[in-house]
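[1] Let's see this in three dimensions:
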Amino acid sequence: MGGQIQIKPIETVEGEFFKLILSSNPSTGNLWKIKEFDSALLSFIKNEFIETHPESEGSPGTEVYTFKALKKGNTTIHMTHERFGSENGLIEYFKVIIN
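    Take a look at the predicted model:
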């Protein structure tokens, strides 16, 4: 995929939890994946999928990734949105500033 990479800023405080909320529809075979983050500064807590319309099978929704800021610093979370079995997909970067 071509184009310019956009880095989305997130500001948090040491010891706080924060969430990345991403549009998703796993029924299409497209999945969000954490590619990289600094485990010295962040702890990955959990991932959950919340359907927009739970009564409809295959409904799109949001994926919520919860992290905890472990100590002060700056880091980047690298995420990809890939089709199952493919290495090409949307790339998202989130710059995390921990105060």
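
[2] From what I see, Leu31 and Leu90 are in contact.
    No - using CB atoms under 8 Å, Leu31 is not in contact with Leu90; the gap is 11.1 Å. Glycine gets a C-beta too; all of them are placed from N, C-alpha and C.

[3] So His53: helix, strand or coil?
    coil (DSSP: H, G, I helix; E, B strand; the rest coil).

[4] what about it, how many neighbours?
    Neighbourhood size, His53 [other CB atoms under 10 Å]: 10.

[5] now swap in the one 10 residues further on and tell me
    When neighbours are defined as other CB under 10 Å, Glu63 has 19 of them.

[6] Let me see the contact set for the spatially closest residue to it that is not a sequence neighbour.
    Among residues not flanking Glu63 along the chain, Ser24 sits closest, at 4.3 Å (CB to CB, 6 or more residues apart in numbering). Residues in contact with Ser24 (CB atoms under 8 Å, 6 or more residues apart in numbering) are Asn30, Leu31, Trp32, Phe49, Pro60, Gly61, Thr62, Glu63, His81.

[7] Okay, helices next: where are they in this protein?
    Counting by DSSP state H, the chain has no helices to list.

[8] Show me the shaky parts of it.
    Residue ranges of the chain with pLDDT under 70: 1-6, 85, 87.

[9] Contact partners for the residue in the chain sticking out farthest from the centre?
    Distance from the centre of the chain peaks at Glu55, with 25.2 Å (CA atoms, centre = their mean). Contacts for Glu55 (CB under 8 Å, 6+ apart) come out as none.

[10] Might one say that Gly61 is in contact with Trp32?
    No - contact criterion CB under 8 Å: Gly61 and Trp32 do not qualify, at 11.6 Å.
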